[in-house]
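> structure, please.
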Amino acid sequence: MRIGITGHRGLSAAVEKLVRAGLDAEVKKHEPTELCGVSCIADGPDTWFAESVLAAGGRIEAVVPADQYREGLPSTHHAPYDALLQQAVEVHHTGMSESTSQAHMTGSEILVGLVDRLIAVWDGQPARGFGGTADVVAYARRTGVPVDIVWPEGATRD
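Residues are numbered from 1 along each chain as shown. You can find the predicted model right below:
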């Protein structure tokens with residue numbers, strides 16, 4: 001079973017705790033030896049999901065949206081990103097250089113094309129910019145990939 005992740009970044013610590021519990025619950029629905037999590041490993045849900053899959057005994061694959069993707073992530077996230085990237089059994093690249101919203105959407109499209117299901121840490125609202133979580137969910141649905149929403153009751157993004 002290959003499961004992808006997409007989700008909102010910059011969530012509060014309180015929402016993070018609830019989202020992590022939701023992601024752990026999703027991961028536990030699957031036999032660890034048959035589970036492969038696919039992630040772009042951005043800070044937030046991408047990383048929490050990858051960590052949960054590995055902790056459960058599954059494996060991960062990474063999608064790198066652009067050559068300069070890592071540089072666009074918060075510097076505090078570079079070490080966790082590097083560590084997870086090294087643990088990936090396979091790394092997929094878009095072939096794009098600059099870390100733009102188009103590169104991010106292209107990476108997400110590759111991710112969706114690799115998976116059997118997509119988990120979306122999504123508040124149900126429209127994307128705040130091209131390539132946001134809502135755009136990835138819409139793409140998955142258009143292409144027939146089932147989407148499981150993880151969003152804590154009463155949570156907000158701001």
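
> next, count neighbours for residue 24.
Neighbour count of residue 24, defined by other CB atoms under 10 Å: 16. Glycine gets a C-beta too; all of them are placed from N, C-alpha and C.

> whoops, I mixed them up, residue 155
17.

> once you drop chain neighbours, what's closest to it?
Nearest non-adjacent residue to residue 155, counting by CB to CB, 6 or more residues apart in numbering: residue 15, 4.7 Å away.

> cool, residue 116 as well?
residue 2 (5.1 Å).

> quick check: bridge partners of that neighbour?
Beta-bridge pairing of residue 2 under DSSP bridges involves residue 36.

> report the separation between it and residue 58.
With distances taken as CB to CB, to the nearest Å, residue 2 is found 10 Å from residue 58.

> okay, these two: which has more neighbours?
More crowded of residue 2 and residue 58, by other CB under 10 Å: residue 58, with 20 against 16.

> what's the distance between that one and residue 26?
Distance of residue 58 to residue 26, computed by CB to CB: 12 Å.

> what do residue 2 and residue 58 both touch?
36, 37 (CB atoms under 8 Å, 6 or more residues apart in numbering).

> residue contacts, the residue nearest to residue 155?
152, 155, 156, 157.

> how about the secondary structure of the last one?
Here residue 157 is coil, with the state taken from DSSP: H, G, I helix; E, B strand; the rest coil.

> tell me who's in contact with it.
Residue 157 is in contact with 8, 10, 11, 15, 123, 125, counting by CB under 8 Å, 6+ apart.

> understood, closing this out.
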